[in-house]
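1. How does the following fold in three dimensions:
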Amino acid sequence: MKPNRREFLLTMASTAAWAPPLLAAAPSDTIWSAGQMPKVVSDPSASEPVKFASEQLQHYLKLVLGGTASSGSGVKIALREVNDKDLGDEGFEISSDHQTVTISGAPLGIVFGTFEFLRRFAGCQFSGLGPECEYVPRLKSIEVDVRQLRMKPQLWYRAYQFFYAEPLDLIIKRLDWMVRNGVNYVMFTPRRDDLSATWGATDPTNGMPASAPHFYFTEAWWKEKVQPEVLKRGLKLDFNHHNLFYWLPPSLYFKDHPEWYPMVDGERSARPRQLAICSSNEDAVRTVVTNVKQYCRSNPQVKIVGVIVEDGEGMCQCLNCAKDDVDPTYGYAFRGYKYPEAENKNKCLRYARLVNRVAREIREEFPDVLIGHAAYDDIQWPPREFQFEPNVVSWVAIYWRDAANPLAAESGSPVNRFFYDILQQWKATQKSHVVLYEYYMGMEVQKSLPYPMSDVICRDWPNLKKLGIEGATIQSGSTNHNSYGLNNLIFARNGWQDRVDHKQALDDFLLGMYGSAAPEIRPIFERLVAALQRVEKEGSAASPLMSGYDDKSTMGGSFLPDAYTIVYLMDQVKVDFLENSLQRASQKASNERERKQVKEFATVTGYWRLAAEAISLDLRSKQAEKLGNHKAASALLLDAAEYCERVDNYLKTIPQTGWIYVTTPRQWPRLATDFRRRSRELQVADNSIPSLHSTSAEYES
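-> Purely as a prediction, here's the structure:
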């Protein structure tokens, strides 16, 4: 006789958390009651990721069912490592009989299968960073109503970026989020230890040297503190992003070999000007190859090694480099990146030859290592009449895409059609791996403000999969993960599903973040998503205040990654509506976790409101300037600068829990400085200096 069923039945039809099963049969009778916690078993010699999965499974089952595993009960979950070519190294199978559930696959597949089991059959939701952002129900029983479920990812490459020095606890929480949601690659970019030694002692909490010029973390800190956590979970490592100077550091080589570096305006330069190597210099190229090989020998766990140009624009202007250029009339000036005539065929080809040289020379010794290549700015096009080696993976940066429209041939956004055409060119001409570099958190200039493109992400990926794009790396951080949590969750699910139901994903995300308070928070997210849907229909006309007063808001698209968009978003949400929703959510919260989550979200939305005030003052100053009222424009900018300082002070009151990017606080003082500079320029242009008490009231009147 069956025990009583639990309060709600998690059937395959109602909880298609990632994807439909590849193979399923009639439901089984496997039911575990509260207090009858199954025993989790695995081989004594199981790999570290399987041991991690076992610990996690026991932890969550205890929270769901209570009690402890009983060796005499006979019920168990077996984690079984198998070599199943169809499942690959990330797919998994969940099978069951009356007493036992078996999760089988390769180690990482077992980890992914463990959390699919907890989602599908135990009702758990893993929405954000840490236990506070997870929903774990207390159930009377768990019913496993499937005899066989086989799943494997649809995207080979699903990565998040680890670029800035951030608190270690948040980094580990994001690694946890990745395995809970089926994301596989960790893209990391450390600083060489021999180059950062002079910057002072390293902070053990984030790996940043005391006097580092930027938010860098050192290689030694990463290997000691983070890499073991990555490997314990079975995640994969991709050493990528701007790292050409890692392979050819000027501090080591420039003094003795200036000829290895680009000729710029008649002089050799050690500045990181994108393709910052004299690629016709055989010794320079051989040194890059040698250093990549040495890295691969010392870091056998890293399976993608990028040879990525530095940020910015430029390349060597020497005669030897130029003699093989395909378009000698192009010149060296940067021509943009959103226009066909901006394609720098010379630089695309020079860079491609360098990457191919490295790929060919490492292949024999490291047949399972891929060489990373970057396509962005004026080198986002595939190199013409050229084939990449099969062990190359190129990421194509969708830089300043329109977030209100999908990437598709029929997209309503000209800039997105432009990017999609470039992706079609890549797939038509190259047989090597092609993935995206995406900006689901906008850009760093977004300042950890909302970027509600979740519905667009759902619509992007069916097109991209059909085109043959194999995945994406997402520019993001652990310190702002929750701000873009819904976008992150939907991308993760697109890695496993044919299509993601936005409504279901939103419900799941809010349940994980806010529990019983989720219904009161939902309308806020609905209004944010609807704001972008309105932009898709109306274009920049959806925001009369922004249209025409800020070039960035309309530069080739309708909703671009810039903090100016917060003015439009807050106008669409409405402050009164936001406050009332949060108040109702606070009243609806049923436990301490939910109350804390609602309070934290209210604090974050307070930042949104202050930011919108500061930015709106700047926009109004631009309007006044267009009307020729320089005095009012200057006064508005001074008010905007004061508001930026208020924003900066407010940010100092927000604990670092995954909502505010580590680089965000420094941006508001810089913005205040910029506003004051512009105010002075307007005063000079108007040949007048407003009194210290001039305010935006002059303009408002």
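2. And the longest helix along the chain, what's buried?
-> Ranked by residue count and defined by DSSP state H, the top helix of the chain is helix 592-626. Within helix 592-626, the residues that qualify as buried by neighbour count (16 or more other Cβ atoms under 10 Å) are 593-595, 597-598, 600-602, 604-605, 607-625. The way it works is simple: take the backbone N, C-alpha and C, and place the C-beta from them, glycine included.
3. Just the C-alphas of the helix or strand that that helix is followed by, formatted as PDB.
-> Next helix or strand after helix 592-626 toward the C-terminus (DSSP states H and E): helix 630-651. Presented in PDB, the C-alpha positions along helix 630-651 are these (Å, rounded to 0.1, in the frame of the first residue of the first chain):
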ATOM      1  CA  HIS A 630      23.300  77.300 -21.300                       C
ATOM      2  CA  LYS A 631      22.800  78.800 -17.800                       C
ATOM      3  CA  ALA A 632      19.900  76.400 -17.000                       C
ATOM      4  CA  ALA A 633      21.800  73.500 -18.500                       C
ATOM      5  CA  SER A 634      24.800  74.300 -16.300                       C
ATOM      6  CA  ALA A 635      22.700  74.500 -13.200                       C
ATOM      7  CA  LEU A 636      21.100  71.200 -14.000                       C
ATOM      8  CA  LEU A 637      24.500  69.600 -14.400                       C
ATOM      9  CA  LEU A 638      25.600  70.900 -11.000                       C
ATOM     10  CA  ASP A 639      22.400  69.400  -9.500                       C
ATOM     11  CA  ALA A 640      23.100  66.100 -11.300                       C
ATOM     12  CA  ALA A 641      26.700  66.100  -9.800                       C
ATOM     13  CA  GLU A 642      25.200  66.500  -6.300                       C
ATOM     14  CA  TYR A 643      22.800  63.700  -6.900                       C
ATOM     15  CA  CYS A 644      25.700  61.500  -8.100                       C
ATOM     16  CA  GLU A 645      27.400  62.100  -4.700                       C
ATOM     17  CA  ARG A 646      24.100  61.100  -3.000                       C
ATOM     18  CA  VAL A 647      24.100  57.900  -5.000                       C
ATOM     19  CA  ASP A 648      27.700  57.200  -4.100                       C
ATOM     20  CA  ASN A 649      26.900  57.600  -0.400                       C
ATOM     21  CA  TYR A 650      23.800  55.400  -0.700                       C
ATOM     22  CA  LEU A 651      25.900  52.600  -2.300                       C
END
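4. Give me the next element, helix or strand, following helix 630-651.
-> Counting by DSSP H and E, what follows helix 630-651 is helix 664-686.
5. Go through that next one and flag the buried ones.
-> Those would be 664-665, 667-668, 671-672, 675-676, 678-679, 682-683, 686, for helix 664-686 by 16+ other Cβ under 10 Å.
6. so which of those residues comes closest to residue 96?
-> Comparing the buried residues of helix 664-686 against residue 96 with Cβ to Cβ places residue 664 closest, at 46.8 Å.
7. Tell me who's in contact with that closest one.
-> Listed by Cβ atoms under 8 Å, 6 or more residues apart in numbering, the contact set of residue 664 reads 447-448, 480, 651.
8. Report the central residue of this structure.
-> residue 474 (3.0 Å; Cα atoms, centre = their mean).
9. Who does that residue form a beta bridge with?
-> residue 160, residue 438 (DSSP bridges).
10. Just confirm it contacts residue 162, I think it does.
-> No - checked against Cβ atoms under 8 Å, the pair residue 474 and residue 162 is beyond contact range at 11.1 Å.
11. Run a quick neighbour tally on residue 282.
-> As a burial measure, residue 282 scores 9 neighbours (other Cβ atoms under 10 Å).
12. Pull up the gap between it and residue 259, please.
-> 11 Å (Cβ to Cβ, to the nearest Å).
13. Same check on residue 342?
-> 30 Å.
14. Quick check: the gap between residue 394 and residue 468.
-> Counting by Cβ to Cβ, the gap from residue 394 to residue 468 is 13 Å.
15. Which neighbours do the two have in common?
-> The contact lists of residue 394 and residue 468 share residue 434, where a contact means Cβ under 8 Å, 6+ apart.
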